[in-house]
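In: quick one, what's the 3D model for this:
(chains A and B)
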Amino acid sequence: AQRVTQPEKLLSVFKGAPVELKCNYSYSGSPELFWYVQYSRQRLQLLLRHISRESIKGFTADLNKGETSFHLKKPFAQEEDSAMYYCALVAGGTSYGKLTFGQGTILTVHP
Amino acid sequence: DVKVTQSSRYLVKRTGEKVFLECVQDMDHENMFWYRQDPGLGLRLIYFSYDVKMKEKGDIPEGYSVSREKKERFSLILESASTNQTSMYLCASHGRTASNQPQHFGDGTRLSIL
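Out: Numbering: from 1, shown residues only, chains lettered A, B, ... in the order given. I've put the predicted structure just below:
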């Protein structure tokens, strides 16, 4: 069975500092990986997915199959980045798009 | 834009009651999901459905059941509510086009069992 681990429950940085939210996974096949974000009083929404290789709101994430990681990075954090972040995985094949989530990391960006 | 609507934002029920949480999506998605969200545990899958009248257990189905009589509606049922089912419940939908497509979430229902 697949598993997603986010080792940091809480992460605090100052505005303008680099930020990295860690995500490690275990899965024997080729996973689809996502980062979801939940801002205060808003619904959970997709931030980015590895297959798109895109940068959203200045965030990037690279899939490292050797280290089984999908860390989320931003070079200069902003106060509006404060939110709950979840890393999630979809197993390949007929998984019906089922997501396995990590425990989540609360990011706080201080002014 | 996909819209997933959960019938209640907040709900308070008593131990032993039968509780219904409703979810409706407007994008003709085949797959629908129920998760519960708890601090430190992330989101955990309770049940999902990949078609009308089809359902599969997720990781924590005990104490819950579901109903999918119509494609757009997916109901979560707490047969006899208990205090350990106090949580935030999230519904999501997903089209069957590809596994790399994102799930779309509702606003959530914060359920308190007294």
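In: quick check: buried residues in stretch A:57-69?
Out: Applying a neighbour-count criterion of 16 or more other C-beta atoms under 10 Å in any protein chain shown, the buried positions in stretch A:57-69 are A:59, A:61, A:63, A:69. To be clear about C-beta, it is placed using only N, CA and C from the backbone, and glycine gets the same treatment.
In: residues touching the residue most central in space within chain B, list them.
Out: Per C-alpha atoms, centre = their mean, the C-alpha nearest to the average position across chain B is that of B:W34, at 2.6 Å. Residues near B:W34 by C-beta atoms under 8 Å, 6 or more residues apart in numbering or on different chains: B:21, B:23, B:45-48, B:58, B:64, B:66, B:74, B:76, B:89-91.
In: in strands only, show me the residues you listed.
Out: Using DSSP state E, the members of those that fall within strands are B:21, B:23, B:45-48, B:64, B:66, B:74, B:76, B:89-91.
In: filter those by proximity to chain A?
Out: Contacts with chain A within the ones in strands among the contacts of B:W34, counted by C-beta under 8 Å from any C-beta of the partner chain: B:45, B:48, B:90.
In: could I get those residues in TSV, plus columns for neighbour count, pLDDT and distance to A:T105?
Out: Converted to TSV, those look like this (neighbours: other C-beta atoms under 10 Å in any protein chain shown; pLDDT from 0 to 100; distance: C-beta to C-beta, whole Å):
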residue	neighbour count	pLDDT	distance to A:T105
B:L45	20	94	20
B:F48	24	94	25
B:L90	24	97	18
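In: does stretch A:76-87 reach chain B?
Out: Yes: Stretch A:76-87 is in contact with chain B by C-beta under 8 Å from any C-beta, via A:Y86.
In: average model confidence for that stretch?
Out: Across stretch A:76-87, pLDDT averages out at 97.
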